[in-house]
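Peer 1: Sequence first, predicted model second:
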Amino acid sequence: MDLSQPGSVPQLFAAAWNRYDAGKLAELFVKDAEFINVTGLWWHSREAIFKAHDYGLKVIFNRSHLELTSTKVHYLSESIAFVHARMRLTDQTPLNSGLQPQTRKTLFLFVVKKEGDRWMCHAAQNTEVLDGMETFVRTPDGRVTAVNYGQFKNT
């Protein structure tokens, strides 16, 4: 696994995902790493990140493909950086109801630190991208829906 550059982390994350290999995916993270998924589930260790992705890649994403579409690296120092990565997810597992999930777009934030000659992930957060939407509102019946108040445009 070549972790010689901070931008390698999202590339290797997508490659492990596409092989449905939660072990290789978890190896990108330090032992006490933090990970927040698109629904706000928060995992507090490499082992928890492995377990969550092992389940997800077997049940929710067992036919999926994750495509890295762009990255941007910002160095905080010579040994610390954050990496934004836009990704596209296709072929998520259909629900038992017959609902066929459509293509999703996400934006990851990886916080990485150089340890020896490898860049390791200390924290990651995945955010769902909903084009044209600005925020969420909770409706009186408890549903959450994305909305656009019309003031801001997606950049």
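Peer 2: Okay, I see it.
Peer 1: Packing partners of the top helix by length along the chain?
Peer 2: Longest helix of the chain, by residue count under DSSP state H: helix 46-59. Judged by 3 or more Cβ pairs under 8 Å, 6 or more residues apart in numbering; DSSP states H and E, helix 46-59 is in contact with helix 22-26, strand 29-36, strand 42-43. For the C-beta atoms, the positions are set from N, CA and C on the backbone; glycine is no exception.
Peer 1: my read: Gln100 touches Pro94, true?
Peer 2: Yes. Assessed by Cβ atoms under 8 Å, Gln100 is found in contact with Pro94 at 5.1 Å.
Peer 1: residue nearest the centroid of the protein?
Peer 2: For the chain, Asn126 is the residue whose C-alpha lies nearest the centre (Cα atoms, centre = their mean; 3.8 Å).
Peer 1: Which element, helix or strand, includes that one?
Peer 2: Per DSSP states H and E: Asn126 is located in strand 118-129.
Peer 1: partners of the helix or strand that that strand is followed by in the sheet?
Peer 2: Note on strand 118-129: by DSSP H and E, the next helix or strand toward the C-terminus is strand 135-138. As defined by DSSP bridges, the strand partners of strand 135-138 come to strand 144-147 (antiparallel).
Peer 1: ok, the nearest residue to Met1 once chain neighbours are set aside - how many residues close by?
Peer 2: Distances taken as Cβ to Cβ, 6 or more residues apart in numbering place Leu12 nearest to Met1, at 5.9 Å, with adjacent residues excluded. A total of 20 residues lie near Leu12 under the criterion other Cβ atoms under 10 Å.
Peer 1: which ones are touching Leu12?
Peer 2: Listed by Cβ atoms under 8 Å, 6 or more residues apart in numbering, the contact partners of Leu12 are 1-3, 24, 28.
Peer 1: Please apply the same query to Met120.
Peer 2: 3, 28-30, 112-114.
Peer 1: could you measure it against Arg104, distance?
Peer 2: 27 Å (Cβ to Cβ, to the nearest Å).
Peer 1: can you check Ala33 too?
Peer 2: Distance, Ala33 to Arg104, using Cβ to Cβ: 23 Å.
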